[in-house]
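**Q** Here's my sequence, what's the structure:
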Amino acid sequence: MDYLGEGADPSRSEAADGRTPRARLTPRSVQEAATPVRANARGEPLVHTAALLALFVAGAYIVWRTGWTVNVNALWLSLPLLVAEAHGFLTYAGYVFMTWSPREFVRRPPIEDATVDFLIPTYNEPFAVLAPTIAGAIAVAYPHKTYVLDDGKRDWVRRLCKRLGAEYRTRPTNEGAKAGNLNYALARTSGEFVAVIDADFVPKASFIDDMLGYFRDPEVAFVQGPQEFYNRDSFQHAGGDRDAWHEQSLFFKTIQPGKNRWTAAFWCGCPSLLRRRALESIGGVAQETVTEDLHTSIKLHAAGWKSVYHPDTVALGIAPNDYDGFVLQRLRWAEGTMQVIRREWRMRGLTFAQAINYLASTSTYFDAIRKALLLSVVPLVLITDQLPVHASAAAFLPFWTAQFLAVAFANSMLGRGNNRYLMTEFFDLLKMFAFIKASLTLLTGKRVKFRVTPKGATPGRSLHGLLAPYAVLLILYTLSMGVGLLRIDGAILHSKHEAVQAAAILWAAAIMAALGIVIWYGYRKVSQRGADRVIANLNGTYCRRYGTRSHPVLLQDLTTMGCAFLTPTPPPIGRDIRIEIGQQPGYVLRGRVRRVRKVGDAYEVGASLHMGEAGRTRVAQLIAASVFADDAGAGAVNVPPAPRPEPHAAAA
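**A** Residues are numbered from 1 along each chain as shown. Model (predicted):
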């Protein structure tokens, strides 16, 4: 099978129904099609040895726990703990299967003269979020048409599209949410390939060129790229501005490449490029669930189509800035996955390896129940003085410690630098109650509504309701620790297992510290910005008013609402200023100085911008051009020509 090789032909004869005949994939054909280039070949034997050793030790531990350590006098406590540990072992086994050998498909030059439609579904995103996305899509190098699909039916979006050169589309109803919006557009466009990007992602100029070559294999239905973000001060970027690692890094940098081995990488909605004929062959984007991307992936794979995961960044987006947005997004993903499981649990049409991949990914959400069971053990031991394990400390502690350390080490090795154990556990704790709530819908079949994730900075949002469960859990641990201390004291309560009570108190203290950090982090990460900044690195000049003396500036960061720049000569706070960027006419920022502070030999100036739609549109173009120039250095950004002003446009 010549997959993406020199003999690949982008055209194939079609069957009578217009669909290209497709052969069922085999693991061998997939392995021949992909090349493991991202993993360190010399280090892989060590990774595999660690993974297999951990499987053996953890498996032996589960067998020992099942056969010899169940406490028949406290089955209500012993069995849930055993089930939780067994689920953890199965979750680890699925993780090993997915990440065993990350693969990257052979890259080919893009297909020449293909027709591509660039679709941007939007609903309620503000100007500061949507405008740079449209400007970035228009600037994509490969010839294409850009369509903005506005379910919000907003006049300013229509004007923005006209000013930037995008096609504006809306529909009579919002049936089917995002999936319905895409299907409505698919029925009214004609490109052979469809690029899909969310309203808060700015595409790279090479977006289509980077992904189109994979479609030289006529079996490929879609190519999915990684989701990376330019607001590294977001809620899910725990490492700060200079650390690109975020809560989804393990999935996009290790798990999705691992799925490539079995052509099981699934569509994540954005950023992606799809073959129109593949979507049409399954009736369009799946509308039956609120995770249309996952559901559509299963349908395409079941129909015999292939998928490709492209590991390089082709777009940068905005990650949730606070706990509300973070949890709301994960809750929708989890609830949608429960809907998919109810509908597609038979996994019909998938290869065995694809089914295992989907099972491993979808069962991740049930890990929250396992964590809740584990967290409940300590307070129950302290309150009831019952033991969940019937074994001596000398037998239990070494075995438990050995399997824990083996699995933790193997998880880290299999993550290939993207699995930060403590941070992964921290974010899992942050998502726990949302995933438990979603998991219950699998049993109840409750109808789930599509929840739109808040886009952009959301200063001042209330977090009290969402963080309440952690406060309740913290109170429970405090009370149980008090009971444990009373048992050890012996004056009021007595204990048969004082050593266990003492160990449980220490463990409870550690968990209470973790819960406290969760609550603190949730409150602390409320954004104070009106819009998410982009690192600009643009040279320019400023003056206090037109025609007066100008001073050099280095524009550091930029939003459609404000900017920050360095200058040797600072303007006074409260002064209106005019900033000219680059050599292109028309890129003028008008604003008011809000803060000034000394930084070395220069001054850092923060200013709010006050411009009409035309002026803010030009700023959006600057942002789109700057998103991928974070590390390029000062003045490295190519400033695009300013858009031609419209007669009806608001004054800049």
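**Q** What strand or helix carries Leu149?
**A** Using DSSP states H and E, Leu149 sits in strand 145-150.
**Q** What is the next helix or strand after that strand packed up against?
**A** The C-terminal neighbour of strand 145-150 among helices and strands, as given by DSSP H and E, is helix 155-164. With contacts taken as 3 or more CB pairs under 8 Å, 6 or more residues apart in numbering; DSSP states H and E, helix 155-164 sits against helix 127-138, strand 145-150, strand 167-169, helix 613-626. Quick note: C-beta positions are derived from backbone N, CA and C, even for glycine.
**Q** cutoff 6 Å now
**A** If you count contacts as 3 or more CB pairs under 6 Å, 6 or more residues apart in numbering; DSSP states H and E, helix 155-164 packs onto helix 127-138.
**Q** Run through who's touching the helix it packs on.
**A** Contact with helix 127-138 is made by 118, 122, 146, 164-166, 199-200, 202-203, 455-456, 531, 559-560, 620-621, 623-624, as judged by CB atoms under 6 Å, 6 or more residues apart in numbering.
**Q** What average pLDDT does it get?
**A** Averaged over helix 127-138, pLDDT sits at 97.
**Q** what does stretch 211-220 give?
**A** Throughout stretch 211-220, pLDDT has a mean value of 96.
**Q** Dump that stretch to CSV, keeping only the CA atoms.
**A** Provided in CSV are the C-alpha atoms of stretch 211-220 (Å, rounded to 0.1, in the frame of the first residue of the first chain):
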residue,chain,number,x,y,z
MET,A,211,-1.9,20.4,6.0
LEU,A,212,-3.1,20.0,2.4
GLY,A,213,-0.3,17.6,1.2
TYR,A,214,-1.7,14.8,3.4
PHE,A,215,-4.8,14.7,1.2
ARG,A,216,-2.8,13.3,-1.7
ASP,A,217,-3.9,10.1,-0.2
PRO,A,218,-7.6,10.0,-1.2
GLU,A,219,-8.4,7.9,1.9
VAL,A,220,-7.7,10.8,4.3
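**Q** Now Trp507: closest residue in space that isn't a chain neighbour?
**A** Val378 (5.4 Å; CB to CB, 6 or more residues apart in numbering).
**Q** Can you give me the domain boundaries for this protein?
**A** With domains defined by automatic domain parsing, the chain comprises 44-100+366-524, 110-319, 534-629.
**Q** Excluding chain neighbours, give the residue nearest to Ala185 in space.
**A** Closest residue in space to Ala185, ignoring its immediate chain neighbours: Leu149 at 5.1 Å, by CB to CB, 6+ apart.
**Q** For that neighbour, list each beta-bridge partner.
**A** As for beta bridges, Leu149 partners with Pro121, Arg169 under DSSP bridges.
**Q** Can you give me every residue that contacts it?
**A** By CB under 6 Å, 6+ apart, the residues touching Leu149 are 121, 169, 181, 185.
**Q** same check, this time on Arg65
**A** Leu82.
**Q** The residue lying closest to Thr313 once chain neighbours are set aside: how many residues sit nearby?
**A** Once flanking residues are discounted, Thr313 sits nearest to Glu228: 4.8 Å by CB to CB, 6+ apart. When neighbours are defined as other CB atoms under 10 Å, Glu228 has 21 of them.
**Q** Quick check: phi and psi on Glu228?
**A** The phi and psi torsions at Glu228 (degrees, to the nearest 10) take the values phi -120, psi 160.
**Q** And it, how far from Cys543?
**A** Counting by CB to CB, to the nearest Å, the gap from Glu228 to Cys543 is 37 Å.
**Q** cool, and Pro572?
**A** Distance of Pro572 to Cys543, given as CB to CB: 14 Å.
**Q** Likewise for Ile535?
**A** 24 Å.
**Q** thinking again about what came up before, and the contacts of helix 127-138, which are buried?
**A** When the contacts of helix 127-138 are checked for burial by 16 or more other CB atoms under 10 Å, the buried set is 118, 122, 146, 164, 166, 199-200, 202-203, 455-456, 531, 559-560, 620-621, 623-624.
**Q** The stretch 151-300 of the chain: strands as residue ranges?
**A** 167-169, 193-196, 201-203, 220-224, 228-229, 272-275 (DSSP state E, counting those that start in this stretch).
**Q** can you tell which of these is closest to Val290?
**A** Among those, the nearest to Val290 by CB to CB is strand 193-196 (16.4 Å).
**Q** helix or strand right after whichever strand or helix holds Ala468?
**A** Take DSSP H and E as the rule and Ala468 turns out to sit in helix 464-489. Sequence order places helix 498-524 as the next helix or strand after helix 464-489, per DSSP H and E.
**Q** What's the mean pLDDT across that next one?
**A** Confidence for helix 498-524, expressed as mean pLDDT, is 93.
**Q** Please find the angle between the direction vectors of that helix and helix 464-489.
**A** Helix 498-524 and helix 464-489 are oriented at 160 degrees to each other (axes from the mean of the first three to the mean of the last three CA atoms, to 10 degrees).
**Q** Ala93 and Thr569: what is the separation?
**A** In terms of CB to CB, Ala93 sits 64 Å off from Thr569.
**Q** Pick out whichever of these two has more residues nearby.
**A** When Ala93 and Thr569 are compared on other CB under 10 Å, the one with more neighbours turns out to be Ala93, at 17 against 13.
**Q** Could you look up the next helix or strand downstream of the helix or strand His87 falls within?
**A** Taking DSSP H and E as the definition, His87 sits inside helix 75-99. Downstream of helix 75-99, the first helix or strand assigned by DSSP H and E is strand 104-105.
**Q** strand partners of that following strand, parallel vs antiparallel please.
**A** strand 34-35 (antiparallel).
**Q** tell me the angle whichever helix or strand comes after the partner strand makes with helix 75-99.
**A** The C-terminal neighbour of strand 34-35 among helices and strands, as given by DSSP H and E, is helix 44-68. Interaxial angle of helix 44-68 relative to helix 75-99 (the same axes, to 10 degrees): 160 degrees.
**Q** what separates helix 44-68 from the chain centre, distance-wise?
**A** Centre-to-centre, helix 44-68 and its host chain are 30 Å apart (CA atoms, centre = their mean, to the nearest Å).
**Q** how about that helix: buried residues?
**A** 44, 47-48, 50-51, 54-55, 57-58, 61-62, 64-65.
**Q** ok, Ala74 - contacts?
**A** Going by CB under 6 Å, 6+ apart, the list of residues near Ala74 reads Gln386.
**Q** Now do it against Ile298, distance only.
**A** In terms of CB to CB, Ala74 sits 42 Å off from Ile298.
**Q** could you list every residue that touches Arg549?
**A** Contacts of Arg549 (CB under 6 Å, 6+ apart): none.
**Q** same thing but 10 Å
**A** Contacts for Arg549 (CB atoms under 10 Å, 6 or more residues apart in numbering) come out as 541, 543, 569.
**Q** Look at it and report its pLDDT.
**A** For Arg549, the pLDDT comes out at 84.
**Q** Is Arg604 in a helix, a strand, or coil?
**A** No Arg there; residue 604 is Glu. At Glu604, secondary structure determined by DSSP: H, G, I helix; E, B strand; the rest coil is strand.
**Q** Three-state assignment for the closest residue to it other than its chain neighbours, please.
**A** Setting aside the residues directly before and after it, Glu604 is nearest to Arg597 in space (CB to CB, 6+ apart), at 5.3 Å. With three-state DSSP as the basis, Arg597 sits in strand.
**Q** what's the answer for Ser307, then?
**A** Three-state call for Ser307 (three-state DSSP): strand.
**Q** how far away is it from Leu274?
**A** Ser307 is 10 Å from Leu274, by CB to CB.
**Q** Same question for Cys268.
**A** Using CB to CB, Cys268 is found at 12 Å from Leu274.
**Q** Common neighbours of the two, please.
**A** Between them, Cys268 and Leu274 share the contacting residues Gln224, judged by CB under 10 Å, 6+ apart.
**Q** who's more crowded, the two?
**A** In this view Cys268 and Leu274 are compared by other CB under 10 Å, and Leu274 has more residues nearby, 26 against 22.
**Q** List the contacts of that one.
**A** 119, 182, 186, 193-196, 211, 215, 220-224, 267, 285, 296, 300, 307.
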